[in-house]
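Trainee: For reference, the sequence and a predicted model appear below.
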Protein chains: 2
Amino acid sequence: MKIALDAMGGDFAPDTPIIGAINALKCFPDIELILVGNEPIIKDIFYKKEGSAVEQRVEFLHASQVISMEDPAIDSVRHKKDSSISRCVELVKNGKAEAIVSAGNTGAVVAASTIFLKTLPGISRAGIASVIPTEKNPFILIDSGAIIDSTPENLLDFAIMGSIYSKKILGVSNPRVGLLSIGTENIKGNELTRGAFKLLSKTHLNFVGNIEGRDLFENPVDVVVCDGFVGNVVLKTSESVATAVVRWLKREFTKNPIRILGALLAKGAFDSVKKKTNYEEYGGALLLGIRGTCIIAHGSSTPKAICNAIKVAREALIQKVNHIIIEEIKAHHELVEDQKTSSLPIA
Amino acid sequence: MKIALDAMGGDFAPDTPIIGAINALKCFPDIELILVGNEPIIKDIFYKKEGSAVEQRVEFLHASQVISMEDPAIDSVRHKKDSSISRCVELVKNGKAEAIVSAGNTGAVVAASTIFLKTLPGISRAGIASVIPTEKNPFILIDSGAIIDSTPENLLDFAIMGSIYSKKILGVSNPRVGLLSIGTENIKGNELTRGAFKLLSKTHLNFVGNIEGRDLFENPVDVVVCDGFVGNVVLKTSESVATAVVRWLKREFTKNPIRILGALLAKGAFDSVKKKTNYEEYGGALLLGIRGTCIIAHGSSTPKAICNAIKVAREALIQKVNHIIIEEIKAHHELVEDQKTSSLPIA
């Protein structure tokens, strides 16, 4: 399978994506990569980092422009026609690659993918599925920021797609799906969640109802469904709180010699939590619902994170995630039609 | 000043509110309390807990019903006419008390207050202002759950009221106000935040623009403005993440004898963070925008938390928070009128 990698995307590009790419090629003999970006520069780095060992499975595609992290998403996709992000997406559009991996500007990756690739049949909007670590098992948060002002129907699509992701990529057998709201009863929430609750109750999904922010990290569900605005705020707030608490504790640990000694002895505890919450392990978020496979890696991705993002793309392709999404969306609509028919009065 | 206390509200009622009330009466000689609830029971506890020392500043009001934490908010206010919450609110409505303090069902307290007391002139909806601790200074999150599906105009009112709270109760001289969104540029966000951004830019407030979830705990602002649905999710998610991280670390600390020793030596660090993040210190959230003063204490309030909630009510009354809200809302509308007039072409 062939994957297009945005070699110019991320805070440490192009070095980091290229090193990650070389590692991925060494780990997964069944993949081929197209490295997209400023060709002379990325070729130079590729060979300096001893890419020659895997060069038979690599192509280079020149793109003269880069969309920076600060560039406005839609505008930059429209005006920087020769950006590495747009060129990656085009490769998928033209059937020259099956997946895109980028640690670049998230908004631009979403915009380019949805504009150029369109959505899968039966799906009106794409959603970002992020993997959120907890002490026990990670959960999927969808949508964590692809679209804002979504409709109940969008949330239904997110639930079906998130459930497939959980099953196929994370290996959860019967994923529990929860709707993020502000109370557990079905009448609690806003207009959007009340509408989505009704739709979700009529599916074949393992829908457990509303869940609240307070329960998120107690593992009540495997898939958390919400609007992209709320999901993005939750994602970023969670990262912010976790970082703040750990930093605060560390600072308290250095306030006197006894605590410093204690902290040294207990250092492994911090390292262990850090390792499990490390985004590097999860590779990146999957943009679900588009005609193609797109992995959005963290802006500050390390080579390990890039390698894991490529791994996620590979698994999504092997598991035929998009194919299953199309089937399940179709099955859901047939189910709804059946429900309508069976509720008609007998003539 | 006279404050009505819901003696039946909270997970540990009636004991805890009554002990908290006695402590508050001892701390603040200028307050009087009306204890509302099942009179024989609360009187009995009051005297058992040595309330006789402060009995001259206490009245009792019998209420035969209790709204439980699980009762649906609006329905219970409608049907349990003789609940301690409704009776407290009536005391304020009838001018027999100036403030309400309750650790009971938040939804019911909000419903009773907004239904019976109405909003202040110029304010269309009330908002809950919660105090969120950080390592440096706490910030105000408004609205943290009073209303959902709010309008840009509601968010403007929240910003003005939150700013007054920050100034008058937390002593911040020129509170920085931020709009919670998913990107810092003014065009980022949903329909609601884009509308609110425009309105907030035309005020006398120290409005610094959009802030993201990732920055919340870095103290970029003193007042965070958002819709009640988002605010409630953020509030609960933050608590949940902080609890999960600390619990997780503690569990890691006990995984081997060296770490256990380290944890014992460094115990003070955990205690110090716990103390600073303890909701008990902040007493409760203020429901801003109603004709009266209403403090919503945490459901699991301790006597100390109740005492601090009474302290917040007292300060809100001393600082004439409602009076200032009315003045500033009026001043804001005059400013907007002036801006309109000055932008007219000269005849």
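Mentor: Everything's here; your move.
Trainee: Please state the offset of stretch A:204-221 from the chain centre?
Mentor: 19 Å (C-alpha atoms, centre = their mean, to the nearest Å).
Trainee: I figured residue A:28 was touching residue A:310, is that so?
Mentor: Yes: contact between residue A:28 and residue A:310 holds when scored by C-beta atoms under 8 Å: they sit 7.4 Å apart. For every residue, glycine as well, the C-beta is placed using N, CA and C.
Trainee: neighbour count winner among the two?
Mentor: Relative neighbour count places residue A:310 above the other of residue A:28 and residue A:310, with 28 against 18, counting by other C-beta atoms under 10 Å in any protein chain shown.
Trainee: Up against chain B, what does the stretch 1-150 of chain A have?
Mentor: A:72, A:107, A:134-135, A:145, A:148-149 (C-beta under 8 Å from any C-beta of the partner chain).
Trainee: and residue A:328, that's in a helix?
Mentor: Yes: judged by DSSP: H, G, I helix; E, B strand; the rest coil, residue A:328 forms part of a helix.
Trainee: what about it, how many neighbours?
Mentor: 18.
Trainee: again, but for residue A:82
Mentor: Residue A:82: 11 neighbours (other C-beta under 10 Å).
Trainee: Same check on residue A:172?
Mentor: Residue A:172 has 19 neighbours, counted by other C-beta under 10 Å.
Trainee: Hmm, it is touching residue A:166, no?
Mentor: Yes: assessed by C-beta under 8 Å, residue A:172 is found in contact with residue A:166 at 4.5 Å.
Trainee: circling back: kindly indicate which of the residues of the stretch 1-150 of chain A next to chain B lies nearest residue A:262.
Mentor: Residue A:262 has its nearest neighbour among the residues of the stretch 1-150 of chain A next to chain B in residue A:135, at 21.9 Å by C-beta to C-beta.
Trainee: Do a quick rundown of the strands in the stretch 151-300 of chain A.
Mentor: Ranges of strands in the stretch 151-300 of chain A, per DSSP state E, counting those that start in this stretch, are A:176-181, A:206-212, A:223-225, A:285-288, A:293-296.
Trainee: Could you point out which of those strands sits nearest chain B?
Mentor: Closest to chain B of the strands of the stretch 151-300 of chain A is strand A:206-212 (C-beta to the nearest C-beta; 5.5 Å).
Trainee: If we go by neighbour counts, what in stretch A:55-74 is buried?
Mentor: Of all the residues in stretch A:55-74, those buried under the rule 16 or more other C-beta atoms under 10 Å in any protein chain shown are A:58, A:60-61, A:63, A:65-67, A:71-73.
Trainee: quick one: which of those is nearest residue A:222?
Mentor: residue A:73 (29.6 Å).
Trainee: who are the neighbours in contact with that closest one?
Mentor: A:105-108, A:110-111 (C-beta atoms under 8 Å, 6 or more residues apart in numbering or on different chains).
Trainee: circling back to that earlier point, same list (the strands of the stretch 151-300 of chain A) but as JSON lines, adding distance to chain B and mean neighbour count.
Mentor: Listed next are the strands of the stretch 151-300 of chain A as JSON lines, based on distance: least, C-beta to the nearest C-beta, whole Å; neighbours: other C-beta atoms under 10 Å in any protein chain shown:
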{"stretch": "strand A:176-181", "distance to chain B": "6", "mean neighbour count": "25"}
{"stretch": "strand A:206-212", "distance to chain B": "6", "mean neighbour count": "19"}
{"stretch": "strand A:223-225", "distance to chain B": "10", "mean neighbour count": "30"}
{"stretch": "strand A:285-288", "distance to chain B": "15", "mean neighbour count": "28"}
{"stretch": "strand A:293-296", "distance to chain B": "15", "mean neighbour count": "28"}
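Trainee: Ok, which of these comes nearest residue A:14?
Mentor: Nearest of the strands of the stretch 151-300 of chain A (C-beta to C-beta): strand A:293-296, 17.5 Å.
Trainee: Next secondary structure after the closest one?
Mentor: helix A:303-318 (DSSP states H and E).
Trainee: neighbours around residue A:121, how many?
Mentor: Neighbour tally, residue A:121, other C-beta under 10 Å: 10.
Trainee: Contact partners for it?
Mentor: A:326, A:329-330.
Trainee: Mind telling me what element the residue nearest to residue A:227 when sequence neighbours are not counted is part of?
Mentor: Ranked by C-beta to C-beta, 6 or more residues apart in numbering or on different chains and with sequence neighbours excluded, the top spatial neighbour of residue A:227 is residue A:150, at 4.7 Å. Residue A:150 belongs to no helix or strand when assigned by DSSP H and E.
Trainee: so what's residue A:150 scoring on pLDDT?
Mentor: If you check residue A:150, the pLDDT there is 93.
Trainee: contacting residues for it?
Mentor: A:125, A:143, A:158, A:192, A:227-228.
Trainee: most surrounded residue in the contacts of residue A:121?
Mentor: In these, the most neighbours by other C-beta under 10 Å go to residue A:329, 20 neighbours.
Trainee: Does that residue touch residue A:159 like I think?
Mentor: No: applying C-beta under 8 Å as the test, residue A:329 and residue A:159 come out as separate, 11.0 Å apart.
Trainee: Low-confidence stretches in the stretch 51-200 of chain A?
Mentor: Along the stretch 51-200 of chain A, the model assigns pLDDT under 70 to no residue.
Trainee: residue contacts, residue A:244?
Mentor: B:134-135, B:217-218.
Trainee: Also residue A:226?
Mentor: By C-beta under 8 Å, 6+ apart, residue A:226 lies in contact with A:141-143, A:155, A:179-180, A:234.
Trainee: wait, which of those is closest to residue A:276?
Mentor: Nearest to residue A:276 among the contacts of residue A:226, with distances taken as C-beta to C-beta, is residue A:141, at 16.9 Å.
Trainee: Any idea how many residues pack against that closest one?
Mentor: Quick note: residue A:141 (other C-beta under 10 Å) scores 28 neighbours.
Trainee: What's opposite it in the beta bridge?
Mentor: In this entry, residue A:141 is beta-bridged to residue A:130, residue A:224, by DSSP bridges.
Trainee: for residue A:81, what are its contacts?
Mentor: Contacts of residue A:81 (C-beta under 8 Å, 6+ apart): residue A:65.
Trainee: For it, which three-state class applies?
Mentor: Following three-state DSSP, the label given to residue A:81 is coil.
Trainee: What's the separation between it and residue A:72?
Mentor: Distance of residue A:81 to residue A:72, computed by C-beta to C-beta, to the nearest Å: 15 Å.
Trainee: residues contacting residue A:92?
Mentor: Counted by C-beta under 8 Å, 6+ apart, residue A:92 has contacts A:4, A:98-100, A:117, A:292-294.
Trainee: before we move on, the earlier item: right, and the strands of the stretch 151-300 of chain A - which one's nearest residue B:316?
Mentor: Nearest of those (C-beta to C-beta): strand A:206-212, 28.2 Å.
Trainee: With just CA atoms, put the closest one into PDB.
Mentor: Taking Å, rounded to 0.1, in the frame of the first residue of the first chain, the C-alpha atoms of strand A:206-212 are listed here in PDB:
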ATOM      1  CA  ASN A 206     -24.100  -0.100  21.800                       C
ATOM      2  CA  PHE A 207     -25.400   3.300  22.800                       C
ATOM      3  CA  VAL A 208     -25.300   3.800  26.600                       C
ATOM      4  CA  GLY A 209     -26.800   7.300  26.700                       C
ATOM      5  CA  ASN A 210     -25.500  10.600  27.800                       C
ATOM      6  CA  ILE A 211     -22.200  10.900  29.600                       C
ATOM      7  CA  GLU A 212     -20.900  13.900  31.500                       C
END
